[in-house]
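>>> missing the sequence, but the structure's below:
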């Protein structure tokens, strides 16, 4: 009680407490003097001795103040007031410093916000994200990748768990689909989720109802759909009458039962326009759908769970691991896995667990985290530059304040006390910068999203500003404040009282060295940024599709599933022909073809090809990527045909089976022999056979077929140097119901509408699932990552360049001011402008040179770090390095311009009078 | 053998101040003189340690202070033990004795 009272008294009645202390000291001196005079010492000497014995009244008072309750708070308040006054008096300094900090802290926070939203928490719109876990499995022998699970897996976990309140599943991809309301069709992206999905995530309905778990999970049992709020607004302008409407999705009658809550766009990075229950999987997946709910080998679901109250994720994870082990043991092995992958695929090494839920699937989180780490490092460097800049300025100011500090030290302030005071000023500055940065982060996040290319599917990018982000920004501000402020504060507090009070000579050379070091660091880190940006831009240039072996410009695509129009293999072949002819007839279309998919990094295989007569086709097989195409395909997508011929209308079902191979495949199979006319064989199961075959059936039930090579096509690469075997086969000879129309048209004219009407002209009931330009189709993760990284690095590079320029200017201008007298003397001794220019410029440019050398070395290191094969970033690029060095020489010269001009305008007489 | 007066441990100083005030109220200088006297000159308390300690003990509620006339009729701040201060002195004395005995025994062993 007494302590608390004292605490408040000390803080609130400071003046009374101070007066009391003052009186006490004065009376003590009097008492001491009286004591000494009584002992016979003459009054004057007694007074002197009394003061000596007390050892400095102010110092004792300071010590008493420090011993008081709330001394820390009290001095902090005093320091703060002092700091505010100082910053207020130097608005230009305060504003520029706070602004550069705001940029550094803001951009770092922005990246963290994105990382937080994508990697560290469940998607936005989920009420209590910490209760949701991702149920995943991981094979320690396999690299990162998404590993979906089957519906029977989900049911097993759901039935046996005791730790999870709900076990739900969703299909990661959003399938392109055609939504027909009355007579107008809209291309949408449909997600597929278990019927307890919304209940488990606690996402309510904005209109109508969401799936409530009552929908039966059997094939085609519940023909219902829920719209996302965003799509409801975009397509139906929030019309409440849409609820309860009967519509057709991919030609299947469906009832829209409701709209999900606003702000929820799905639990993953992919944002569907609407959701179907798992029972309606056949609507968007005609091939595997019918078996998807019963076959354990068909894996297509991402699993999630909701923890029971009071259960920790670790507990749930242990249980899931045990359940998973049982499930793995009971799962029959897949006979289609080549033996060389058997260890990677061995089900007994698979580990199940419950992980923190996040929009980025668990399997690729490390890749995403690595990328975000790169971005954080890039913007972190800007923050370092801003801090170095500020540290330099603070150091200069500390030099100017030596007297003030010396006076404070003289009246008894301890070193810690002075350091604390100087740091308070810095922390206040950083708090200003941090707050501004937090505000700025919102804007920067938005700009960051603008950097993103148009994706082939809608993505769910939410970056909620939660408490974690705020804490991050504050911590970041505080840590950088201490880092930037500690060196100047230590330095200033070290000043020797006597010399500081006595003379006004320029700051010690050792302080100047420190300042120079800050500038060198700024230049070095800015160069690092510019070099990194350059490397990333080069890498981006490399993956741009033109260099991948085909030409995606001016190619429009339209995706179809012929099953949705009721076609079978027999009737589908014919409609494929008619579609191609119809599209070719569109005005402006130069080449038209169809294929099972647009060129891209995805691959499909119908078996591995081998040379006929090879002993065991499974023993030496290598993964083969198949592309099923119609005539004119190579012209349409711009892949050169290097030898032989394209497919023609004569390569139809029943005719000799033919194949076109890629150049690399031809090299690998026949080395230098002419591949044209050679035979390859393949032993592959047909369609639905895949799911039911056992591995022993391979030899007996699957016949070996042979195909004759008629052509060789150019290689297509997708930033993946280890290309597997690539073959092209006529769609007419190897039918697939999922096809994509590819039409090469004139520049700057979208053919999307023309493709829609061409399809409608052939069959009005055949839904067009999506239309997109081929360029947009190929904005995959690698392109996106490089584009964003190059954009970020470029932007921060410019900011860093600017900050470094300010730093060079600051230190050079300061030197000129410090050396005014020296320059004056040199001038009066007959030095010409040339010498003065050399003196000042030499000083600035030396820093640039040192910084450049350090920065280029760092850049080389960064190149080494970044040059993984994943992104194809060059490790060493002389053009980029030389360019960065030249750029900084220019910046250095520009930054020195004003100080040099000031130096040559110094007049000898003035200079000698100056202080 | 001339020795510097022994340096004080913090707890010791508090104990000595409480003890010095156990016989009646004293001002700051008086406390200092009294400690010198009762320790036979072994401990000489510097004002830089004494005053912070006095203020700290007062804030802890063990001392109370009043302004009063001093022996030569000047105003001075007098400190006195409070009830809790007296209790504290008892406790600390006991504690100190225990330690002193223990250390003495340790040194003899």
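Sure, I can see it. Computed from a prediction, not measured in an experiment: that's the story for all the values here.
>>> which residues does the residue nearest to the spatial centre of chain B contact?
Centroid-nearest residue in chain B, with C-alpha atoms, centre = their mean: residue B:17, separated by 1.3 Å. Listed by C-beta atoms under 8 Å, 6 or more residues apart in numbering or on different chains, the contact partners of residue B:17 are B:31, B:35, B:50, B:53-54, B:57, B:63. Where you see a C-beta, it was placed from the backbone N, CA and C, and this is true even at glycine.
>>> just those residues now: which is nearest chain A?
Using C-beta to the nearest C-beta, residue B:53 is the member of the contacts of residue B:17 that sits closest to chain A, with 7.2 Å.
>>> in a strand, the residue nearest to the centre of chain B, correct?
No - Residue B:17 sits outside any strand when classified using DSSP: H, G, I helix; E, B strand; the rest coil, being helix.
>>> could you measure it against residue B:45, distance?
8 Å (C-beta to C-beta, to the nearest Å).
>>> and what of residue B:35?
Residue B:35 is 6 Å from residue B:45, by C-beta to C-beta.
>>> just give the nearest non-adjacent residue to residue B:96, would you?
Using C-beta to C-beta, 6 or more residues apart in numbering or on different chains and skipping residues adjacent in sequence, the residue nearest residue B:96 is residue B:15, 6.1 Å away.
>>> my error: substitute residue A:216 in the last question.
residue A:222 (5.9 Å).
>>> show me what from chain A comes close to chain B.
For chain A, the residues in contact with chain B (C-beta under 8 Å from any C-beta of the partner chain) are A:1-3, A:6, A:20, A:23-25, A:27-28, A:30-32, A:34-35, A:53-55, A:59-60, A:63-64, A:66-69.
>>> show the buried residues in those residues.
For the residues of chain A next to chain B, a burial check counting by 16 or more other C-beta atoms under 10 Å in any protein chain shown picks out A:2, A:6, A:24-25, A:27-28, A:30-32, A:34-35, A:53-54, A:59-60, A:63-64, A:66-69.
>>> looking at chain A, which helix or strand does the model trust least?
helix A:689-692 (a mean of 46; mean pLDDT, DSSP states H and E).
>>> count of neighbours near residue A:808?
Neighbours of residue A:808 under the rule other C-beta atoms under 10 Å in any protein chain shown: 28.
>>> what about it, distance to residue A:79?
Between residue A:808 and residue A:79 the computed distance is 32 Å (C-beta to C-beta).
>>> try residue A:137
On the measure of C-beta to C-beta, residue A:137 and residue A:79 end up 56 Å apart.
>>> more neighbours, these two?
residue A:137 (22 against 19).
>>> partner residues bridging that one?
residue A:352 (DSSP bridges).
>>> tell me what the top helix by length along chain B is packed against?
Of all segments of type helix in chain B, defined using DSSP state H, the longest is helix B:83-108. Judged by 3 or more C-beta pairs under 8 Å, 6 or more residues apart in numbering or on different chains; DSSP states H and E, helix B:83-108 is in contact with helix B:10-20.
>>> now the helix it packs on: buried residues?
For helix B:10-20, by 16+ other C-beta under 10 Å, it's B:13-20.
>>> again with stretch B:87-98
B:88-89, B:92.
>>> re earlier: same list, the contacts of residue B:17, but only the ones touching chain A.
Restricting these to those near chain A - C-beta under 8 Å from any C-beta - leaves residue B:53.
>>> which of the contacts of residue B:17 sits closest to residue A:830?
Nearest to residue A:830 among these is residue B:50, at 66.1 Å by C-beta to C-beta.
>>> what's near enough to touch the closest one?
So residue B:50 contacts B:13, B:17, B:28, B:31-32 (C-beta under 8 Å, 6+ apart).
>>> who does whichever strand or helix holds residue A:577 touch, helix- and strand-wise?
Element membership for residue A:577 (DSSP states H and E) is helix A:569-584. Applying 3+ C-beta pairs under 8 Å, 6+ apart, one finds that helix A:569-584 contacts strand A:591-595, strand A:738-744, helix A:752-762.
>>> burial count for residue A:141?
Residue A:141 has 12 nearby residues by other C-beta under 10 Å.
>>> check what pLDDT it gets.
pLDDT for residue A:141: 73.
>>> just residue A:155 next, same as before
pLDDT, read off for residue A:155, is 92.
>>> mind checking the SS state of it?
Secondary structure of residue A:155, per three-state DSSP, is helix.
>>> count the neighbours of it for me.
Neighbour number of residue A:155 under other C-beta under 10 Å is 17.
>>> cool, residue A:605 as well?
Residue A:605: 16 neighbours (other C-beta under 10 Å).
>>> how about it, what does it touch?
So residue A:605 contacts A:623-626 (C-beta under 8 Å, 6+ apart).
>>> contacts for stretch B:87-106 next, please.
B:11, B:14-15, B:18-19, B:22, B:62, B:81.
>>> what's the helix or strand for the residue of chain B found nearest chain A?
Chain A sits closest to residue B:61 of chain B, with a gap of 2.9 Å, by C-beta to the nearest C-beta. Residue B:61 is part of no helix or strand when elements are defined by DSSP H and E.
>>> quick one: residue A:372 from chain B, how far?
Using C-beta to the nearest C-beta, to the nearest Å, we find residue A:372 at a distance of 51 Å from chain B.
>>> before we move on, what about residue A:83?
26 Å.
>>> contact partners for the closest residue to that residue other than its chain neighbours?
Closest residue to residue A:83 in three dimensions, ignoring its sequence neighbours and counting by C-beta to C-beta, 6+ apart: residue A:425, at 4.0 Å. Contacts for residue A:425 were tallied using C-beta under 8 Å, 6+ apart; they are A:79, A:82-83, A:86-87, A:485.
>>> was I right about the residue nearest to residue A:216 contacting residue A:277?
Yes - the criterion here is C-beta atoms under 8 Å, and residue A:222 meets it with residue A:277 at 5.1 Å.
>>> of the two, who's got more company?
residue A:277 (24 against 20).
>>> how much space between that one and chain B?
Residue A:277 is 70 Å from chain B, by C-beta to the nearest C-beta.
>>> list the beta-bridge partners for that residue.
Applying DSSP bridges, one finds that residue A:277 bridges with residue A:193.
>>> go on, residue A:185?
In beta-bridge terms (that is, DSSP bridges), residue A:185 pairs with residue A:180.
>>> wait, residue A:626 touches residue A:602, no?
No - the criterion here is C-beta under 8 Å, and residue A:626 misses it with residue A:602 at 11.4 Å.
>>> give me the more crowded residue out of those two.
Taking other C-beta under 10 Å, residue A:626 and residue A:602 do not tie; residue A:626 has more neighbours (22 against 10).
>>> ok, the residue in the stretch 51-200 of chain A that chain B sits nearest to - contacts?
Residue nearest to chain B within the stretch 51-200 of chain A (C-beta to the nearest C-beta): residue A:67, separated by 3.5 Å. Contact analysis of residue A:67 by C-beta under 8 Å, 6+ apart lists B:52-53, B:55-56.
>>> may I ask which two of those are separated the most?
B:53 and B:55 (7.4 Å).
>>> what's the pLDDT at the residue nearest to the spatial centre of chain A?
Centroid check for chain A by C-alpha atoms, centre = their mean gives residue A:372 as the closest residue, at 3.8 Å. pLDDT recorded at residue A:372 is 84.
>>> likewise residue A:859?
The model's pLDDT for residue A:859 equals 84.
>>> following the strand or helix carrying residue A:198, which helix or strand comes up?
Element membership of residue A:198, judged by DSSP H and E, is helix A:197-201. Counting by DSSP H and E, the next helix or strand C-terminal to helix A:197-201 is strand A:205-208.
>>> partners of that next one in the sheet?
Going by DSSP bridges, the partners of strand A:205-208 are strand A:252-260 (antiparallel).
>>> related to what we said a few turns ago, most widely separated two among the contacts of residue A:425?
Every pair of these checked by C-beta to C-beta; the farthest is A:82 and A:485, at 14.7 Å.
>>> which one's more surrounded, the two?
residue A:485 (24 against 14).
>>> chain neighbours aside, what residue packs nearest to that one?
residue A:426 is the one closest to residue A:485 (C-beta to C-beta, 6+ apart), at 3.1 Å.
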